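[1] structure for the following, please:
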Amino acid sequence: MLGRLKRLFSVFIKRPPVREAAASAPSSPTRDVEIRHAGLKDAWRRGWYKTETGELFSGFKVAAQDIVLDVGCGDGEATLFCARQGAHVVFSDVNEQKIAALMERAQQTRARKIEGFVSDTLPLPLPDQYATKILSMEMLEHTTNPSKILAELVRVGKPGAQYLISVPDARSEMLQKPFAAPLYFSEPNHIQIFDKESFIRLVEDAGLKVEKYDSWGFYWTVFTSLFWIVAQHEKRPLTGAVLDEIIKPPHHPVLQNWSNAWGGLAELDGSEKLIESFDRYLPKAQLIIARKS
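    Residues are numbered from 1 along each chain as shown. Below you'll find the model as predicted:
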């Protein structure tokens, strides 16, 4: 009976010669995709850090004559991009060490002036109508009164100043709620969750005119979600600013394999539309470009 079954299956299943199978199999990567590099390439694809046009994000151009204010600057990659355009850069954060490190890095650029200070933004030690470009990147979700923060940012913007504001997307946040470390949704981490409507309303209520709305970062949605499971498995202690822990090496093979898969996907013809769809329906972050009248 078993012999007859084997012969029957052999009619339908024809194995390719070993050489042909090997030739048709996709080649495996020779080395791992670096986590930050995968995230940075993803950002480039979605319109960030366009050096050739001077746009920090598509539609938000920075020039040497600009005075750029970056509140809650963190490690300062956005500030450094603006500094490399020759702009006058002003940046603040509650972390004194990050301000000191960013001051040192910014001094190696062609920024025409550099100012950095420790501040929680309420208030900013700046005069009215000071900056032409204002950045608030992944900061408002950490604050108890985001409308008050935005009012302060509007105060220091010149008439016609352009704003680039980003916060986590509610869909990504709600996805992670059932399994993320409780610390992630408590101070000093994410204590506000914005859906698209409430985010736009917050910006418009501050007196700004929305010019563009976009979302991106599916790669980071999955990476962060996987991180919580890995951290739980490894019984990793988490304190303070969780983002610093999420991106800190060494990375568990599960996280590394996700970055490898994403990096490989991005190299395939036709992947752009898939990635754009991922970013539209399950993004990590949403952003608004707005202007002060």
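
[2] what about the residue nearest to V222 when sequence neighbours are not counted, how many neighbours?
    Of all residues beyond its chain neighbours, the one nearest V222 is W258 (6.1 Å), with distances taken as Cβ to Cβ, 6 or more residues apart in numbering. Quick note: C-beta positions are derived from backbone N, CA and C, even for glycine. Residues within reach of W258, counting by other Cβ atoms under 10 Å, total 21.

[3] which residues touch W258?
    By Cβ atoms under 8 Å, 6 or more residues apart in numbering, the contact list for W258 reads 222-223, 226.

[4] export these as a markdown table, with columns for pLDDT.
    Output for these, formatted as a markdown table (pLDDT from 0 to 100):
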| residue | pLDDT |
| --- | --- |
| V222 | 97 |
| F223 | 96 |
| L226 | 97 |
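
[5] quick one: which of these is most hemmed in?
    F223 (22 neighbours).

[6] quick one on the thing from earlier: let me know the secondary structure of the residue nearest to V222.
    helix (DSSP: H, G, I helix; E, B strand; the rest coil).

[7] give me the pLDDT for it.
    Turning to W258, the model gives it a pLDDT of 96.

[8] hmm, who's touching stretch 69-82?
    Counting by Cβ under 8 Å, 6+ apart, the neighbours of stretch 69-82 from elsewhere in the structure are 49, 51, 56, 62, 66, 68, 89-95, 98-99, 101-102, 105-106, 109, 111, 119, 121, 124, 126, 130-131, 133-139, 142, 149, 153, 156.

[9] can you flag which of the residues you listed belong to strands?
    Among these, the members falling in strands are 49, 56, 68, 89-93, 131, 133-137 (criterion: DSSP state E).

[10] pick the one among those closest to D269.
    Of all these, the one with the least separation from D269 (Cβ to Cβ) is Y49, at 23.8 Å.

[11] please enumerate the helices of the chain.
    Taking DSSP state H as the criterion, the chain carries its helices at 2-12, 18-24, 35-45, 77-84, 96-106, 146-156, 170-176, 196-205, 218-233, 242-246, 253-266, 271-281.

[12] ok, and the closest non-adjacent residue to V210?
    Nearest non-adjacent residue to V210, counting by Cβ to Cβ, 6+ apart: A290, 5.1 Å away.

[13] which residues of the protein score low on pLDDT?
    Per-residue confidence of the chain (counting by pLDDT under 70) places the weak regions at 1-30.

[14] before we move on, the earlier item: what's the ChimeraX line that selects buried ones from the contacts of stretch 69-82?
    Buried subset of those, written as a ChimeraX selection, criterion 16 or more other Cβ atoms under 10 Å:
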select :56,62,66,68,89,90,91,92,93,95,98,99,102,106,109,111,119,121,124,126,130,131,133,134,135,136,137,138,139,142,149,153,156
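
[15] leaving out sequence neighbours, find the closest residue to Y281.
    Using Cβ to Cβ, 6+ apart and skipping the chain neighbours, the partner closest in space to Y281 is R171 (7.7 Å).

[16] so that neighbour makes contact with P283?
    Yes. Applying Cβ atoms under 8 Å, one finds R171 in contact with P283, separated by 7.1 Å.

[17] ok, those two, which is more surrounded?
    Set side by side, R171 and P283 show unequal neighbour counts under other Cβ under 10 Å, the larger going to P283 at 23 against 18.

[18] present the ones in strands among the contacts of stretch 69-82 as CSV; the columns should include distance to L80.
    Below are the ones in strands among the contacts of stretch 69-82 laid out as CSV (distance: Cβ to Cβ, whole Å):
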residue, distance to L80
Y49, 10
L56, 10
V68, 11
V89, 8
V90, 13
F91, 10
S92, 15
D93, 14
A131, 17
K133, 14
I134, 17
L135, 12
S136, 17
M137, 13
